[in-house]
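Visitor: Output the structure for:
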Amino acid sequence: MEKEQPESDFSHQLGERLCAIRKRAKLSLRAVARKIARESKTYYTLLHRLERGKIARPSITLIAKYLAACGATFSDILEVLNTVTTPASEPAIKATPAIQAASEDLAEPLRTEVRQIDQRLTRLKPEESLKQRLNRIRRMTKNRILRTLLEDTLYDIITSEQAKGIEYEKLARLCQYGRKIFAIHLRTRTRPERRMRLLELERDRIKGLNLPEEGVATVEDAIRELYHELKKQGLLDEELKQLPIPPSLKNIPLPAPVRAEKRLLLDRQRVRIEREREKAGAGIAIFLEMNKELKLENLDNRLRGWAMDFINRLFNTAVRFDSAPEQRQRQLSQLVENSQHPDLASRLLDLFEKTYPRYRHLALPDKTQPQEKP
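Guide: Numbers count the residues shown, from 1 in each chain. Predicted structure coming up:
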């Protein structure tokens with residue numbers, strides 16, 4: 001019976017195969033990194049580790065991006081993938097008993113991460129004492145919590161009512177300013193006079209960025225309040241006696257913190273996608289209602305295609321000029337006048353004006369005007 005292939009062997013074989021694919025495409029590693037992302041510096045290091053077999057479990061997404069950048073597909077690495085046998089279940093994480101006990105109260109995924117760090121440090125630094133390793137893990141945990149709380153604070157600021165009229169670029173600058181002054185607070189815990197000087201220098205530095213004064217003041221107040229709260233909870237102490245998890249966070253998952261401005265951008269993208277879906281759903285519903293009356297499938301292919309396109313133009317025009325009823329009516333009438341089939345276009349417009357009010361709330365979810373029930 002064949003033995004299962006060690007994970008490290010798979011990583012090295014995969015790395016060698018990917019490197020061969022890149023050389024076959026006559027690309028440098030930096031060129032591949034640039035193809036994957038504009039910020040190629042980070043990706044260059046990641047891809048270098050991937051080719052050297054230093055990543056034990058590379059993600060499918062990373063491999064797919066690498067292959068796409070080289071003009072290859074998964075079929076080019078099928079031999080390597082077929083040599084892997086997946087065990088029935090993942091082995092339990094064997095952390096040091098002291099770490100096992102200290103991380104028992106942590107919420108997932110932080111608990112698993114702490115134990116994985118201990119496992120990795122045990123392998124990489126066998127000469128390091130348990131006390132040193134425990135202190136290292138405590139510092140890493142503390143930094144994760146500080147970053148998470150900082151990003152949550154900044155996110156609350158840039159998603160508040162006061163920030164709604166501020167451009168995204170300026171919100172991102174405010175977040176950068178918040179991180180900078182938070183770092184100043186941490187570095188100058190025992191030197192308040194130096195803290196004041198550094199904060200004044202940082203405030204002078206951002207004067208040329210045209211950031212709203214109210215936003216700057218809000219960030220400064222929030223960071224100051226966060227710092228004092230962390231100090232009160234003992235999270236800023238140098239001598240950590242236990243994993244620094246305040247009671248309020250013990251049952252809260254602490255994934256890798258996402259920058260506040262990126263969270264805001266992702267939220268906006270989700271809202272936009274959801275609105276587009278609702279709008280598309282309204283368009284389909286209107287088309288189906290009108291098709292019941294007209295039975296477009298009975299028309300010849302050319303005329304049916306024209307009718308479908310015309311209904312779509314009616315819908316987009318109505319949505320675009322929804323806030324100006326008179327202008328909307330003029331635009332819709334103009335579409336009929338300029339159409340290739342005026343009679344059919346006029347009939348389509350009559351049906352559309354009867355159907356659109358019933359589905360308008362789907363196409364324009366932000367409108368608060370009362371809608372007719374379908």
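Visitor: confidence score at residue 175?
Guide: pLDDT, residue 175: 91.
Visitor: any idea whether it is helix, strand or coil?
Guide: helix (DSSP: H, G, I helix; E, B strand; the rest coil).
Visitor: Could you list the low-pLDDT ranges of the stretch 51-200 of the chain?
Guide: For the stretch 51-200 of the chain, applying pLDDT under 70 flags the ranges 83-95, 102, 105-110, 130-131.
Visitor: Spell out which helix or strand contains the closest residue to residue 230 other than its chain neighbours, please.
Guide: Nearest non-adjacent residue to residue 230, counting by CB to CB, 6 or more residues apart in numbering: residue 236, 5.5 Å away. Just so you know, the C-beta spots here come from the backbone N, C-alpha and C atoms, and that holds for glycine as well. Assigned by DSSP states H and E, residue 236 belongs to no helix or strand.
Visitor: Next, give phi and psi for residue 236.
Guide: Dihedral pair for residue 236: phi -100, psi 0, per degrees, to the nearest 10.
Visitor: Now do the contacts for it.
Guide: Residues near residue 236 by CB atoms under 8 Å, 6 or more residues apart in numbering: 186, 189, 227, 230.
Visitor: Determine which two of the residues you listed are furthest apart.
Guide: 189 and 230 (10.4 Å; CB to CB).
Visitor: Residue 25 touches residue 66, doesn't it?
Guide: No. Counting by CB atoms under 8 Å, residue 25 sits too far from residue 66 to count as a contact (10.8 Å).
Visitor: of those two, who's got more company?
Guide: residue 66 (24 against 13; other CB atoms under 10 Å).
Visitor: give me every residue that touches that one.
Guide: By CB under 8 Å, 6+ apart, the contact list for residue 66 reads 18, 22, 32, 36, 47, 50.
Visitor: Rebuild these as JSON lines, extending it with pLDDT.
Guide: JSON lines is the format used below for the contacts of residue 66 (pLDDT from 0 to 100):
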{"residue": "18", "pLDDT": "89"}
{"residue": "22", "pLDDT": "89"}
{"residue": "32", "pLDDT": "85"}
{"residue": "36", "pLDDT": "80"}
{"residue": "47", "pLDDT": "85"}
{"residue": "50", "pLDDT": "86"}
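Visitor: so where's the stretch 251-374 of the chain uncertain?
Guide: Across the stretch 251-374 of the chain, residues meeting the criterion (pLDDT under 70) sit at 251-256, 365-374.
Visitor: Could you list the buried residues of the longest helix out of those in the chain?
Guide: Longest helix of the chain, by residue count under DSSP state H: helix 260-294. The neighbour-count check on helix 260-294 (16 or more other CB atoms under 10 Å) flags 260-261, 263-264, 278-279, 282-283, 285-287, 289-291, 294 as buried.
Visitor: cool, stretch 204-215 as well?
Guide: Applying a neighbour-count criterion of 16+ other CB under 10 Å, one finds 206, 211, 212, 215 buried in stretch 204-215.
Visitor: Over to stretch 143-158?
Guide: If you call a residue buried by 16+ other CB under 10 Å, then stretch 143-158 has these buried ones: 144-151, 153-155, 157-158.
Visitor: swap in stretch 293-310?
Guide: Within stretch 293-310, the residues that qualify as buried are 294, 296, 306, 307, 310, counting by 16+ other CB under 10 Å.
Visitor: Please apply the same query to stretch 167-187.
Guide: Buried residues in stretch 167-187, counted by 16+ other CB under 10 Å: 170-182, 184-185.
Visitor: who's in contact with it?
Guide: 146, 150, 153-154, 157-158, 163, 166, 195, 198-199, 202, 206, 209-212, 215-216, 219-220, 222-224, 226-227, 236, 259-261, 264-265.
Visitor: Inside strands: which ones of those residues?
Guide: Secondary structure from DSSP state E places none of these in strands.
Visitor: List the ones among these that fall in helices.
Guide: Counted as lying in helices by DSSP H, out of the contacts of stretch 167-187, are 146, 150, 153-154, 157-158, 195, 198-199, 202, 215-216, 219-220, 222-224, 226-227, 260-261, 264-265.
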